[in-house]
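Asks: 3D model of this:
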Amino acid sequence: MRSGKRGFFWTGVVLIFLAVPYGRAETTRIALFRGTEIPFDLKSGDDVIKRGKYDLEVHFSKVDTNVLYVLRVMQKGKSINEVPGQGIEYQAQTMQALMKDPKIPERPTLRFRKIPETDIVDLIFESGKTGNFSFMKALFRMKLIQE
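Replies: Prediction:
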């Protein structure tokens with residue numbers, strides 16, 4: 001290789017390695033909800049999710065001290081939408097207080113909550129008290145499409 005081509009080659013290699021950390025973060029599935037009925041037509045980004053039954057997966061990724069949540073909406077085994085979410089902290093600070101809190105479910109749950117007098121629907125995920133990913137709570141916000 002000539003020195004000019006060699007420099008171009010190594011510049012490309014370095015740029016690829018610099019771009020890798022900023023690519024799509026590797027996620028871990030926390031929970032899977034099969035056949036979940038979505039009772040509204042919702043909009044997430046530019047995508048519309050029509051009312052109906054979907055498989056919903058909750059994923060998380062930890063980058064440094066930031067925890068990122070993603071709700072993956074799936075139909076027929078294929079992802080049709082990914083909704084970014086944000087973590088919610090429980091008020092109790094100690095593990096003992098969390099274990100005794102009757103409001104925290106035992107197993108993973110996903111609840112829909114329509115915000116009154118707005119066109120916002122929140123999906124609230126709680127991982128529950130048991131399992132590898134206990135005491136995680138996240139909020140996924142989508143826009144309600146009015147009929």
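
Asks: what comes up buried for stretch 65-78?
Replies: Of the residues in stretch 65-78, 68-74 count as buried by neighbour count, 16 or more other Cβ atoms under 10 Å. Every C-beta, even on glycine, is put in place using the N, C-alpha and C of the backbone.

Asks: stretch 129-147 now?
Replies: Residues 134-138, 140, 142-143 are the ones in stretch 129-147 that count as buried (16+ other Cβ under 10 Å).

Asks: got it, and stretch 89-107?
Replies: Buried, per 16+ other Cβ under 10 Å, within stretch 89-107: Ile104.

Asks: residue contacts, Thr28?
Replies: Contact analysis of Thr28 by Cβ atoms under 8 Å, 6 or more residues apart in numbering lists 59-61, 133.

Asks: any of those buried? List them.
Replies: 59-60.

Asks: show me the two of the contacts of Thr28 that sit farthest apart.
Replies: Within these, Ser61 and Phe133 form the most distant pair, 12.3 Å apart (Cβ to Cβ).

Asks: need the helix or strand of this protein with the lowest average pLDDT.
Replies: Taking mean pLDDT, DSSP states H and E as the measure, the helices and strands of the chain show their lowest mean at helix 3-19, namely a mean of 45.

Asks: residues in contact with the residue positioned nearest the centre of the chain?
Replies: With distances taken as Cα atoms, centre = their mean, Val70 lies nearest the centre of the chain, 1.3 Å away. Remark: with contacts taken as Cβ under 8 Å, 6+ apart, Val70 is in contact with 27, 58-61, 82-85.
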